[in-house]
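*Asks:* Here is my input, please return the structure:
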Amino acid sequence: MKILLPLLLALLTVTPGISSAALGPIIVTPSIVEEQREESATPITVIDAKMIARSGANNLAELLRGQAGVHISDLFGDGSQATVDLRGFGPTAISNTLILIDGRQLNNSTDSSTPDLSTIDLEDIQQIEILQGSGGVLYGNQAVGGVINIIRKKFTQDKVTVGLKLGSYDSSRISASINKLVGNTQLALTAFSSSSDNYRDHNETEIKHVSLRANHDYQSFTGYFELAKSDDNILTPGALLQSELDVSRTQSLAFYSNDFFDTQTDTFRIGMDKEIDDRQSLNIDYSRRINDREFIQTFRPFPSPSVATQDRDTQILSGKYILERENYTGSSIILGFNLEETDYELLSFIGPQEMDQTINDIYVLSNWHISNRSVVTAGFRYSDQQADILNGSTLESISDSVSVFSMGYMQRVGGWKLSARADQNFRYPTVEEHSFNSSGETLKTQEGVSLELGAEIFTNSDRYRATLYSIELENEIAFDSSGFSNLNLDETSRQGLILEASNHWSNKFSTNLSFTLLDAEITDGAFAGSELPLVPEKSLRLDGIYHFSQTTRFNLEIIAVDEQVFGGDFSNQLGKLDGYTVVNANLSYSVNRWDLAFRINNLLDEEYSEFGSQYTDFPIPDIFESFFPSPERNFWISAKYTF
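*Replies:* Numbers count the residues shown, from 1 in each chain. Predicted structure coming up:
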């Protein structure tokens, strides 16, 4: 705060005459209703379809890596087991960063399995909205560090697209999509199949995915429908100690030789949007996601004696009523509810783990445009959780409820947008966190508050933004690998600053720069004063694009990440996971109906690991550093044709 405020005052003094920019993209994540990005009281990053195309990214993890405030930890380097982290949660980012697709939740409330990001086709995405800071009031459980909403393209014309991508490690991907307009009905069929040997031994993957979406417009009513099915198979190579890493970065040890994940997912969604009149609208949405998984995962160095099964059936019914305020353009009141039920069952050699969980939420959010340059937001959510947990032969019933509030303010001054926001957040413990808990006491619900100050200046071609934030949590849920147990940390604190700059230097050349500074530590309890694991203090991303012509583009990105405490090392007794700098390049060419691209990842052949954790050896307790090495230099070519 002492640094940021004088900086903002100085900039306001020297640039008083900057004019307002042309209006930016339409966004929905900060308030559910459509609004201009420049009118939002919440810092938000937008990645549009053009940015996705020119990046040449192979998967969502590659696309998000290094974006402002975003940290990626990818176990295998192919995006299949990647964790997306907003605001510095490290190993538990899976349960503290909420990921949505068209507003539908991908996170699992009952357990800590990674959201299935590998089945998301980048070709289908219209834009990605990254909400910086917690969204506890609007999105509820797990929206602690922020929300990433993946919005897919709407169907506007008949179109057929086929694509082929080939890369290092015998990687290939074949995709096809068909969009068809039939009267007032829009149909979209998408399918792809991909396979790869991946960078490490015993890490072959194969993914098959098909989805059908349909929209039907009738006067003031729109109905939508979706069916999707995916089959995801991956052999998992396990972690390496430093001595093993020195011998070979790509090896997988013998006791991991049977490890794998085989996951089948079926998704069904149906809903409708109804305009009641010029000021009122209603949305009802129902979705069901069924995951069936078989797997073997070794607890080093003892191979699992049998195949485990993990079954999850999640149903979510949600609704929202929106009232637009008369004579206040953009002002609205939103009333909503969310009913979530999950049946979860894990059968392994350790014994059964089961959880029947129900989460019922109601919320209200008000957006009030008190003038054409000022916006005030306020909201409230009440959430109730009921869960029955079976761990072995022990049955436990849990009942808990949480109330959270939010307040926000945005003021435009000349070419500046100034904003302030406070949002309370929460997340419920998962079944593993309850089951692997040596304290004998039921884990408490994690609760906290997120505070943010933002300043943004925008012209017709350039944009600059600074965000100062703080997240204070009580009873943060974390895994202590030294005791192989989950626990509640008494109090934790995250203080951070994000600086961003987007510049169009000419019609041919533009750049984007983001820098994140984050201090994350435990402030009370047995680990007071320790840094939180797997949270880099500094990270930087610089990407630039040069247009040789209207058809040929070159994109270069530089991602630098600071060193981090190893996962699970709350006492900070080990060394640190080394920092790294990675350079990626992409050359793309478009002609007629063809889109061609050539991408190089890790151009300078950096040897690094995005993820590392503390390994405790038994029966004589001793701790070591373990690593999941990231891929070295690799190459990709792709071709897409649109009929």
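*Asks:* what's the distance between Ser613 and Gly90?
*Replies:* To Gly90, Ser613 is 10 Å away according to Cβ to Cβ, to the nearest Å. Just so you know, the C-beta spots here come from the backbone N, C-alpha and C atoms, and that holds for glycine as well.
*Asks:* Quickly list what's touching both of those two.
*Replies:* Shared contacts of Ser613 and Gly90, defined by Cβ atoms under 8 Å, 6 or more residues apart in numbering, comprise Pro533, Gly567.
*Asks:* So which of these two has more stuff around it?
*Replies:* Using other Cβ atoms under 10 Å as the criterion, Ser613 and Gly90 rank with Gly90 on top: 25 against 22.
*Asks:* Give me the below-cutoff pLDDT ranges for the protein.
*Replies:* Residues of the chain meeting the criterion pLDDT under 70: 1-24, 326-330, 438-439, 482-483, 618-621.
*Asks:* quick one, helices of it?
*Replies:* Remark: helices assigned in the chain by DSSP state H are 4-14, 49-55, 60-64, 136-139, 242-247, 431-435.
*Asks:* which of these is buried the deepest?
*Replies:* helix 136-139 (a mean of 26; mean count of other Cβ atoms under 10 Å).
*Asks:* what helices or strands is that one leaning on?
*Replies:* For helix 136-139, the packing partners by 3 or more Cβ pairs under 8 Å, 6 or more residues apart in numbering; DSSP states H and E come out as strand 351-371, strand 374-391, strand 394-413, strand 416-427.
*Asks:* Need the winner for burial among the ones you listed.
*Replies:* Buried most deeply of the helices and strands packed on helix 136-139, by mean count of other Cβ under 10 Å, is strand 416-427, with a mean of 22.
*Asks:* now that one against strand 394-413, angle please.
*Replies:* Inter-element angle recorded for strand 416-427 and strand 394-413: 170 degrees (by axes from the mean of the first three to the mean of the last three Cα atoms, to 10 degrees).
*Asks:* when you give positions from now on, start the count at 104
*Replies:* All right, first residue 104 from here; so that's strand 519-530.
*Asks:* and strand 519-530, how far from the chain's centre?
*Replies:* Distance of strand 519-530 from the chain centroid (Cα atoms, centre = their mean, to the nearest Å) equals 18 Å.
*Asks:* May I have it as CSV, with CA atoms only?
*Replies:* Output of strand 519-530 as CSV, limited to C-alpha atoms (Å, rounded to 0.1, in the frame of the first residue of the first chain):
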residue,chain,number,x,y,z
TRP,A,519,-8.5,5.8,-15.1
LYS,A,520,-10.6,3.1,-13.5
LEU,A,521,-10.1,2.8,-9.7
SER,A,522,-11.7,-0.1,-7.8
ALA,A,523,-11.9,-1.5,-4.3
ARG,A,524,-13.4,-4.8,-3.3
ALA,A,525,-13.9,-7.0,-0.2
ASP,A,526,-15.2,-10.6,-0.5
GLN,A,527,-15.5,-13.3,2.2
ASN,A,528,-14.8,-16.8,1.1
PHE,A,529,-15.0,-20.4,2.3
ARG,A,530,-14.3,-24.0,1.3
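*Asks:* and it, which strands flank it?
*Replies:* strand 497-516 (antiparallel), strand 549-561 (antiparallel) (DSSP bridges).
*Asks:* Next, the angle from it to strand 477-494.
*Replies:* Between the axes of strand 519-530 and strand 477-494, defined by the same axes, to 10 degrees, the angle is 20 degrees.
*Asks:* How much space separates Pro133 from Gln413?
*Replies:* Look at Pro133 and Gln413: by Cβ to Cβ, they are 34 Å apart.
*Asks:* Ignore what I typed, I meant Asn470.
*Replies:* Asn470 is 41 Å from Gln413, by Cβ to Cβ.
*Asks:* what do you get for Gln653?
*Replies:* Gln653 sits 50 Å away from Gln413, going by Cβ to Cβ.
*Asks:* before we move on, back to that, please name whichever of the helices of the chain is nearest to Gly439.
*Replies:* For the helices of the chain, the distance to Gly439 is smallest for helix 239-242, at 8.3 Å, taking Cβ to Cβ.
*Asks:* Grab the CA positions of that closest one and hand them over as PDB.
*Replies:* Extracted in PDB, the C-alpha atoms of helix 239-242 (Å, rounded to 0.1, in the frame of the first residue of the first chain):
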ATOM      1  CA  GLY A 239     -17.300 -16.500  -2.300                       C
ATOM      2  CA  VAL A 240     -20.600 -14.600  -2.600                       C
ATOM      3  CA  LEU A 241     -21.300 -15.200  -6.200                       C
ATOM      4  CA  TYR A 242     -19.700 -18.700  -6.600                       C
END
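*Asks:* Pull the residues that contact that helix.
*Replies:* 133-135, 201, 203, 246-247, 250, 466, 468, 482-484, 507-509, 526-529, 553.
*Asks:* can you do 6 Å?
*Replies:* Leu201, Ala246, Val250, Gly482, Arg484, Val507, Ser509, Asp526, Gln527, Asn528, Phe529 (Cβ atoms under 6 Å, 6 or more residues apart in numbering).
*Asks:* phi, psi of Phe539?
*Replies:* Torsion angles at Phe539 (phi, psi; degrees, to the nearest 10) stand at phi -90, psi 80.
*Asks:* In a markdown table: the strands paired with strand 519-530, plus distance to Thr353.
*Replies:* Below are the strands paired with strand 519-530 laid out as a markdown table (distance: least, Cβ to Cβ, whole Å):
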| stretch | distance to Thr353 |
| --- | --- |
| strand 497-516 | 42 |
| strand 549-561 | 38 |
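*Asks:* Tell me which of those sits nearest to Gln345.
*Replies:* Nearest to Gln345 among the strands paired with strand 519-530 is strand 549-561; the distance by Cβ to Cβ comes to 32.9 Å.
*Asks:* Show the contacting residues for the nearest residue to Trp519 once chain neighbours are set aside.
*Replies:* With sequence-adjacent residues excluded and distances taken as Cβ to Cβ, 6 or more residues apart in numbering, Trp519 is closest to Ile560, at 5.1 Å. Neighbour list for Ile560: Gly518, Trp519, Tyr567 [criterion: Cβ under 6 Å, 6+ apart].
*Asks:* What number of residues are in the vicinity of the first one?
*Replies:* Residue crowding around Gly518 was assessed by other Cβ under 10 Å; the count is 17.
*Asks:* Next: the last one.
*Replies:* Applying other Cβ under 10 Å, we find 18 other residues in the vicinity of Tyr567.
*Asks:* For Pro734, see how far away it is.
*Replies:* 34 Å.
*Asks:* circling back to that earlier point, quick one, which of the helices of the chain is nearest to Thr626?
*Replies:* Closest to Thr626 of the helices of the chain, according to Cβ to Cβ: helix 239-242, at 20.3 Å.
*Asks:* Bridged to the residue nearest to Thr480 when sequence neighbours are not counted, which residues?
*Replies:* Distance criterion Cβ to Cβ, 6+ apart; nearest residue to Thr480, sequence neighbours excluded, is Gly511 at 3.9 Å. Beta-bridge partners for Gly511, by DSSP bridges, are Thr480, Arg524.
*Asks:* For Gly511, list the residues it contacts.
*Replies:* By Cβ under 6 Å, 6+ apart, the neighbours of Gly511 are Ala144, Thr480, Arg524.
*Asks:* got it, and Glu499?
*Replies:* Ile492.
*Asks:* Is it bridged to anything, and to what?
*Replies:* Going by DSSP bridges, Glu499 is paired in beta bridges with Ile492.
*Asks:* ditto for Leu267
*Replies:* The bridge-partner assignment for Leu267, based on DSSP bridges, gives Ile277, Ala742.
*Asks:* isn't it right next to Ile740, touching?
*Replies:* No - taking Cβ atoms under 6 Å as the definition, Leu267 is not a contact partner of Ile740, at 8.8 Å.
*Asks:* that older thread, out of Gln653 and Gln413, which sits in the busier spot?
*Replies:* Gln413 (19 against 8).
*Asks:* wait, doesn't Ile254 sit right on Gln229?
*Replies:* Yes - judged on Cβ under 6 Å, Ile254 makes contact with Gln229 at a distance of 5.1 Å.
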